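Undergrad: can't give you the sequence, but here's the structure:
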């Protein structure tokens, strides 16, 4: 069964219709046991994760010394958290409300912090008179 699914993937899209390739990918993924939610989360992870070695080498050359590790960590963390959130929202629809609430809280926090209304862990600047 799995070989026929891979064969369908290889032939799909040759007639110029891109929609058939997507349908064939979903059908082939069911043969292997991958759900459509997992397939979309996998695609999102791959779209957001570290790009090819050439792009990563260029980023390393352009960044100041010591910033490359944090950049790679940011790429991986962002892609993993986004793919996980999408998988959860597609699998259990009610988690979309939890994710939306967490995003709203983060936005409110950063807006208030930038306005100076919240100072968690930051030292207040001494006013010079």
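TA: Arrived safely. These numbers were taken from a predicted model, which means no experiment stands behind them.

Undergrad: could you pull out the buried residues of the helix of greatest length in the chain?
TA: Assignment by DSSP state H gives helix 68-91 as the longest helix of the chain. For helix 68-91, a neighbour-count test (16 or more other CB atoms under 10 Å) marks 68, 75, 79, 82, 83, 85, 86, 87, 88, 89, 90 as buried. For glycine as for every other residue, the C-beta is placed from the backbone atoms N, C-alpha and C.

Undergrad: tell me the one of these nearest residue 97?
TA: Distance ranking of these against residue 97, using CB to CB, places residue 89 first at 9.2 Å.

Undergrad: what residue is smack in the middle of this structure?
TA: residue 79 (3.1 Å; CA atoms, centre = their mean).

Undergrad: identify the residues contacting the closest residue to it other than its chain neighbours.
TA: Ranked by CB to CB, 6 or more residues apart in numbering and with sequence neighbours excluded, the top spatial neighbour of residue 79 is residue 48, at 3.6 Å. Applying CB atoms under 8 Å, 6 or more residues apart in numbering, we find residue 48 in contact with 75, 78, 79, 82, 83.

Undergrad: number of nearby residues for residue 56?
TA: Using other CB atoms under 10 Å, residue 56 has 15 other residues around it.
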